[in-house]
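# Sequence below, structure please.
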Amino acid sequence: MGERCYYILAGETSADILAAQLMRALKKNSSEPINWIGIGGEQMEQLGLTSYRPISELSVIGILDATTSYFTLLQIAKEQVKQIIKSRPKAIFTVDTKQFSLKFAKLLRREMDEVGWNVPIIQFVAPTVWAWGAWRAKRFEEVFDAIFCLFPCEPPYFNAKKIDAIFVGHPEGYKNFQLNNKNTSVSQVKKIDYIGLLPGSRRREIAFNLPIILKSAELFFKKFPKCRFILPTTSNLKKEIKEKVQKYHLPIEILEGTEEFEKSLSAMSAAICVSGTATLQLSLRGIPAVTCYRTSSLNFFLMRLLFKQKDPILPNILLQKKVYPCFLQSKQTSANLSAALIDIYKNIDFENNKMRKNSEFLKKMLKGKSKNFESAIVHYLKKMNII
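As a prediction, this is how the structure comes out:
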């Protein structure tokens, strides 16, 4: 029995985790050994991926960074297309990394047509059409065979005659975890409470956001010196983050890896969190938080020009209400973040009850029809004759 080859591409930490779940699902349901090739991170490499490039080379933030990195990213895309034509995998998966994935898929589709060979190209995580506009859907319809959507609002944006847009559910929606059900007021707290500090998973994000978050934590710590802080990160960023943290007088435990991140979430009483998937992970676990985001002035201007939502915080967008307070750009000051966190911590019982209700709504919204996330993926891949 021969080996089956799949190509898979992810460009950032959250995509690496999603891609690894897809890889596990295929491995469990394949009657043949699988050869994984592409670009990915630690999680994917642990499952056997031969990664042709470091995942960090695809990690760009915002429209400006994508534009200035255009020729570098184009060269990587062309290089990957050549490798695919040579390897002839059974299917190609692009996971999140939407701007690069779109360009890559266009080049790949053109080359496949020229050589007279064709296999499905599947985008895992839909473009955020609900945030940037329906025009993005048309561009993806032209080159992808299917899109696996994480949110139930997404499939209707796509033309069913041109592409299969499938709601598989969000992996966080399928997880069983204990909600943050603390029912003890701050004045009665006798044990240590942990505050999460979540500055993002990309170097540019961390450079813009971590110093202000740490200064905010210092101001909070002056009010509540019994609290401790948790800062989860990845192995490739741990050293850099540790150097930044040493400049501040804070009792911080830096945790490394996905498993440690999951454990840290269950320990957090509250958090300061940069916009991204982590805000959704916090809200599903009922953890009160202050959210924020800072980037370059030009990136922020372009985002404000094109972005159709009031803020980029996922729970706020999905539930169409202010689940988390959000401080963007110039409003992201240590004074604002610390004041908001202090207010949350002083009213922790009320905040816990509020977040528990929000969590229940989100969990129902994000869970698909299958028993778990991997089963949902396998179901549709079998229908497409990919497994």
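
# which residues does Leu362 contact?
Leu362 makes contacts with 173, 280, 283-284, 315, 318-319, as judged by C-beta atoms under 8 Å, 6 or more residues apart in numbering. Every C-beta, even on glycine, is put in place using the N, C-alpha and C of the backbone.

# give me the low-pLDDT residue ranges for this structure?
Scanning the chain for pLDDT under 70 picks out the ranges 1-2, 60-68, 132, 178, 180-191, 306.

# how long is stretch 35-48 end to end?
8 Å (C-alpha to C-alpha, to the nearest Å).

# What residues of that stretch count as buried?
35-44, 47 (16 or more other C-beta atoms under 10 Å).

# What does Leu231 show for phi and psi?
Main-chain dihedrals, Leu231, degrees, to the nearest 10: phi -130, psi 100.

# again with the one 10 residues further on
For Ile241, the backbone dihedrals are phi -70, psi -40 (criterion: degrees, to the nearest 10).

# Let me see the ranges of the strands in the stretch 51-200 of the chain.
92-95, 121-124, 146-149, 164-167, 194-198 (DSSP state E, counting those that start in this stretch).

# how close does the nearest residue to Gly133 once chain neighbours are set aside get to Ser14?
Once flanking residues are discounted, Gly133 sits nearest to Lys308: 6.4 Å by C-beta to C-beta, 6 or more residues apart in numbering. Using C-beta to C-beta, to the nearest Å, Lys308 is found at 22 Å from Ser14.

# who has more neighbours, the two?
A count of neighbours by other C-beta atoms under 10 Å puts Ser14 above the other of Lys308 and Ser14, at 19 against 11.

# Determine the three-state secondary structure at the residue nearest to Gly133.
Under DSSP: H, G, I helix; E, B strand; the rest coil, the three-state class of Lys308 is coil.

# I'd assumed Thr128 was in contact with it.
No: the criterion here is C-beta atoms under 8 Å, and Lys308 misses it with Thr128 at 9.5 Å.

# on that earlier part again, deepest in the core, which of the strands of the stretch 51-200 of the chain is it.
strand 92-95 (a mean of 28; mean count of other C-beta atoms under 10 Å).

# Would you mind pulling the contact partners of that one?
With C-beta under 8 Å, 6+ apart as the criterion, strand 92-95 contacts 6-10, 15, 18-19, 22, 38, 84, 101, 104-105, 108, 119-125.

# What sits closest to Ala146 if chain neighbours are left out?
Of all residues not flanking Ala146 in the chain, Asp164 sits nearest, at 4.1 Å (C-beta to C-beta, 6+ apart).

# from memory the one you found sits against Cys149, does it?
No: Asp164 is beyond contact range of Cys149, at 10.2 Å (criterion: C-beta under 8 Å).

# Neighbours of Leu26, how many?
Based on other C-beta under 10 Å, the number of other residues close to Leu26 is 23.

# How is this protein partitioned into domains?
4-169+368-383, 186-366 (automatic domain parsing).

# tell me the contacts of Glu42?
16, 234-236, 257.

# what about the helices in the stretch 1-150 of the chain?
Along the stretch 1-150 of the chain, counting by DSSP state H, counting those that start in this stretch, helices occupy 13-29, 42-46, 62-68, 70-87, 98-115, 129-132, 135-141.

# now the stretch 251-387 of the chain
With DSSP H, counting those that start in this stretch as the criterion, the stretch 251-387 of the chain has helices spanning 258-267, 277-284, 297-306, 314-319, 334-346, 348-366, 373-383.

# Please look at Gly133 and Gln309 and confirm they touch.
No: using C-beta under 8 Å, Gly133 is not in contact with Gln309; the gap is 11.1 Å.
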